[in-house]
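Novice: generate a structure from the sequence data that follows.
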Amino acid sequence: MKPLFTAAVLALSTLPAFAQDDVVCMATEEMEASLVDWYDETPAVMDEDGTIVWASGIGGTWTVVSYNDNGTSCALAQGDNWSPRMNADALMAGLLNEQGTSGS
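Specialist: Sure, this is the predicted structure:
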């Protein structure tokens, strides 16, 4: 499963921070291990809906992860330049705004 996630992440990492169109889903254990092992990210912020922003530290990478009841998790967005003032709602709003304006 690592090669599939790696390929997906590499393809998406060339896009601007808020321009990710594809959602990457996998078993929660694999998702969390990948974020820790490859990006040195740890849980930073949890929203009320259970979405967690993983981050590698101030100015580092971040990933918004949604957790599903069936034991899978989905990386909804990712980017650089993490700030502790960021939260999943703000990141997702930025993503949706970017997608809406990129087609104009």
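
Novice: the strand or helix carrying C74 pairs with which strands?
Specialist: Per DSSP states H and E, C74 falls inside strand 72-79. Paired with strand 72-79 in the same sheet, following DSSP bridges, are strand 24-27 (antiparallel), strand 62-67 (antiparallel).

Novice: now that strand: buried residues?
Specialist: Buried residues in strand 72-79, counted by 16 or more other CB atoms under 10 Å: S73, C74, A75, L76, A77, Q78, G79. The C-beta positions use only the backbone N, C-alpha and C, and glycine is treated the same way.

Novice: quick check, nearest of these to M31?
Specialist: Nearest to M31 among the buried residues of strand 72-79 is S73, at 4.2 Å by CB to CB.

Novice: wait, isn't that closest one in contact with S34?
Specialist: No - checked against CB atoms under 8 Å, the pair S73 and S34 is beyond contact range at 10.0 Å.

Novice: okay, now the unreliable bits of this structure?
Specialist: The model of the chain has pLDDT under 70 over residues 1-21, 86-104.

Novice: what about the helices in it?
Specialist: 2-13, 28-39, 88-102 (DSSP state H).

Novice: no further queries at this time; thank you.
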